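Chemist: how does the following fold in three dimensions:
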Amino acid sequence: MDRLDRFEFGELLQSYLYRQDRNMRWLAARLRVSPSTVTRWCNGETRPRDPETVLRIAEELGIRDAEERNRLLAAAGYAASIDPVPVPGSGVPETPDPGQRSGLPSPRPLSPQALLVGLLALGILGGLGLWWMRSLQGGATPSPQALPMFAPSPAAQIAREEPGPIDPVDPPVSVCGETERLPTPPWNRFLRTQGVSLFTPGDTEGGVWNPFPRVLAIDRRGLWIGYFGRPGMVGHYDGRTWAYCTAGVDFPVENVNALVVDPVGRVWVGMEKQGVMVYDGQAWRGYTSANGLPSDEIFGLTVDPEGRVWALTWEGVARFDGDRWSVPYSVHNGTLLNNRTIDMAFDPQGNIWIGYIRRGLSRFNGREGVWEHYRAGEGTIGGDAVRDILVHPSQEGAVAGVWFATADGGVTRYMDGTWTTYTTEDGLPSNTVHALAVDRYGRVWAATQGGTVYYDGDAWQRYTTLPTYSLAFGPPCGDCPFDEDDVWTGVPEQGLTHSGLPLADPAIEVVAVQVPETVAPGQEFRPAITVMPLWPYRLEPGDFLAHTDPDERLRFGAWPHMAVTQVVEPGQPYTFTDYDNPFVAPELPPDRTEQTFTSTWRVWMDNRFVGPPIPIPFTVRQRNAGP
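Modeler: Take a look at the predicted model:
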């Protein structure tokens with residue numbers, strides 16, 4: 001096969017990846033090959049080593065039409081004869097509208113400059129799915145996350161150049177008592193204005209149970225999801241397949257309020273009316289007031305430093321002793337201010353913090369051996385409706401602060417006897433705060449009704465503006481589906497979002513933005529945006545410059561992404577310019593002779609936005625207007 005034929009295969013593969021809103025790293029993970037292998041295919045440097053691999057590529061990309069498969073095989077250099085497979089609506093699906101699915105552009109038809117287009121395409125393909133690398137890093141090592149690969153269609157008969165075995169199909173592995181796992185469809189919805197991928201029940205073809213993920217947790221096995229609703233559900237996602245964990249239990253599962261994983265890997269779930277259930281690796285078991293719980297209404301679960309599980313209920317705080325529940329803290333024994341509890345935390349000083357649904361906060365003072373109670377308006381906690389408690393230890397092991405999320409008073413921090421409350425006046429997008437978490441950089445995150453933010457030590461920084469109920473980060477792990485570089489959030493009425501963790505460093509310096517001083521209505525022009533990665537970061541194919549304005553008209557006809565087409569080392573400038581899709585200056589209203597417009601863009605690197613938003617301002621002036 002000569003190099004031109006290999007380029008034909010690479011360009012065709014890129015086109016199919018575009019149509020499915022997928023990228024090279026995703027395909028590498030699905031095929032269990034190195035990402036550099038797929039990159040070389042797309043570059044035209046090499047081709048798949050055997051026709052079976054080509055068929056596996058077609059299977060992963062949803063190519064069912066025999067003619068389309070034959071075309072892919074022929075482009076790879078294999079004579080092929082594939083019988084048509086009677087699949088309704090077979091063939092490569094049309095690319096979804098950017099505003100309806102992922103925000104990625106539709107594939108442009110190949111032109112005489114196909115090589116250039118192909119190279120530009122490389123950058124766009126990788127940006128949306130770098131986190132798929134998490135499952136790839138584990139290689140073929142057997143683990144609870146091992147997943148089946150699709151084998152080639154049995155209807156294919158191929159004239160092989162050389163024989164080669166097909167990878168065996170891995171047997172399904174039960175992670176949480178599920179009877180089947182649903183494969184992730186070859187798409188997700190990338191929200192350019194937010195910088196996250198959105199997973200909805202529709203986009204995942206039912207993988208996401210419903211659009212109300214109430215609580216999230218992540219361990220070495222993947223993402224655990226507690227869904228609110230009747231019926232409710234506990235779900236699991238390992239980066240490649242989805243599972244309904246509690247679909248077959250013989251007791252009702254409704255309105256999941258809490259979910260934690262204990263040190264031995266048991267998954268504990270608290271429900272609004274049905275008590276507590278736990279998965280011990282073999283089966284789900286339910287606990288109610290018949291097993292010692294003071295109430296079947298569960299609003300929170302906590303694991304203490306010794307690994308014991310606590311339940312926050314409508315009638316006090318219960319502790320599990322290995323078989324039954326006891327109630328060490330309640331109004332009835334004089335420890336609590338109110339029985340309607342929702343969260344609990346233990347700090348290294350021996351203090352126990354308990355939050356109430358509507359009555360503020362209590363602390364067991366480990367030094368004094370007494371209970372202390374706090375209400376809003378007393379110069380302590382900012383609101384009475386506590387929703388989450390986060391103990392944030394410093395690197396030295398001392399308490400850097402205890403943080404409280406409230407639904408009626410923002411976020412409060414307690415540190416060294418001082419209470420500090422943050423509200424919308426201090427940068428929170430809403431005073432209704434549902435959840436808190438701390439990332440690997442020590443930044444405290446808040447999931448609020450107005451979006452998700454994180455505190456960098458000086459100010460609250462925006463992550464998204466989507467109403468958010470829950471958030472979670474992965475563990476420090478080299479071979480897990482998700483690690484501490486992954487951010488997941490639960491967005492009510494939509495589903496789940498994911499991205500890489502925002503970096504603590506700038507990563508990118510904006511060197512220059514070059515545009516004409518003035519342009520006429522309807523005039524085409526090509527802005528040049530020069531950036532420079534800062535040590536130790538670099539840009540690679542798969543990264544891109546993305547338009548981020550919510551108003552699509554502010555793209556002015558440009559492509560939504562400008563791709564990185566080469567490796568850009570730290571300190572090396574790189575200029576984004578789209579020669580194929582220029583800006584087109586808008587027409588002006590009849591009563592105006594001049595107007596300035598701004599289009600906002602941002603660099604997407606390694607599955608996250610980096611650096612500041614980049615405004616591209618330009619002035620449109622009527623041709624007959626003066627200087």
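Chemist: from here on, just use CA atoms for contacts and neighbour counts.
Modeler: OK.
Chemist: starting at the chain centroid, how far to the helix or strand harbouring R30?
Modeler: In this structure, R30 sits in helix 24-31 according to DSSP states H and E. Helix 24-31 has its C-alpha centroid displaced from the chain centroid by 18 Å (C-alpha atoms, centre = their mean, to the nearest Å).
Chemist: and G478, that's in a strand?
Modeler: No. With DSSP: H, G, I helix; E, B strand; the rest coil as the criterion, G478 is assigned coil and is not in a strand.
Chemist: may I see the buried residues of the helix holding R30?
Modeler: Within helix 24-31, the residues that count as buried by 16 or more other C-alpha atoms under 10 Å are 24-31.
Chemist: what does stretch 502-513 give?
Modeler: 502, 507-510, 513.
Chemist: repeat for stretch 262-274
Modeler: Buried-residue list, stretch 262-274, by 16+ other C-alpha under 10 Å: 262, 266-274.
Chemist: so for that stretch, first residue to last residue, what's the gap.
Modeler: By C-alpha to C-alpha, to the nearest Å, the extent of stretch 262-274 from end to end equals 20 Å.
Chemist: quick check: mean pLDDT of it?
Modeler: Taken as a whole, stretch 262-274 carries a mean pLDDT of 96.
Chemist: and stretch 287-299, by the same measure?
Modeler: Mean predicted lDDT for stretch 287-299 stands at 97.
Chemist: contacts only, for P263.
Modeler: By C-alpha atoms under 8 Å, 6 or more residues apart in numbering, the contact set of P263 is G307.
Chemist: isn't there a strand covering C42?
Modeler: No. Counting by three-state DSSP, C42 is not part of a strand but helix.
Chemist: what about it, how many neighbours?
Modeler: For C42, the neighbour count with other C-alpha atoms under 10 Å is 26.
Chemist: so how far is L13 from it?
Modeler: C42 is 7 Å from L13, by C-alpha to C-alpha.
Chemist: quick one: the helices in the protein?
Modeler: Secondary structure of the chain (DSSP state H): helices at 3-19, 24-31, 35-43, 51-60, 66-75, 114-126, 133-137.
Chemist: how about low-confidence regions in the chain?
Modeler: 1-7, 34-36, 45, 79-173, 395-399, 625-627 (pLDDT under 70).
Chemist: which strand in it runs the most residues?
Modeler: strand 609-621 (DSSP state E).
Chemist: R221 against R240, yeah?
Modeler: No. At 11.8 Å, R221 and R240 do not qualify as touching, with contact defined as C-alpha atoms under 8 Å.
Chemist: name the helices or strands packed onto the helix holding R30?
Modeler: Other elements packing on helix 24-31 under the criterion 3 or more C-alpha pairs under 8 Å, 6 or more residues apart in numbering; DSSP states H and E are helix 35-43, helix 51-60, helix 114-126, helix 133-137.
Chemist: for that helix, C-alpha coordinates in CSV please.
Modeler: The C-alpha trace of helix 24-31 is given here as CSV (Å, rounded to 0.1, in the frame of the first residue of the first chain):
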residue,chain,number,x,y,z
MET,A,24,-8.7,9.0,18.5
ARG,A,25,-8.1,8.4,22.2
TRP,A,26,-11.6,7.0,22.6
LEU,A,27,-11.1,4.6,19.7
ALA,A,28,-7.7,3.5,21.1
ALA,A,29,-9.4,2.7,24.4
ARG,A,30,-12.1,0.7,22.7
LEU,A,31,-9.6,-1.3,20.6
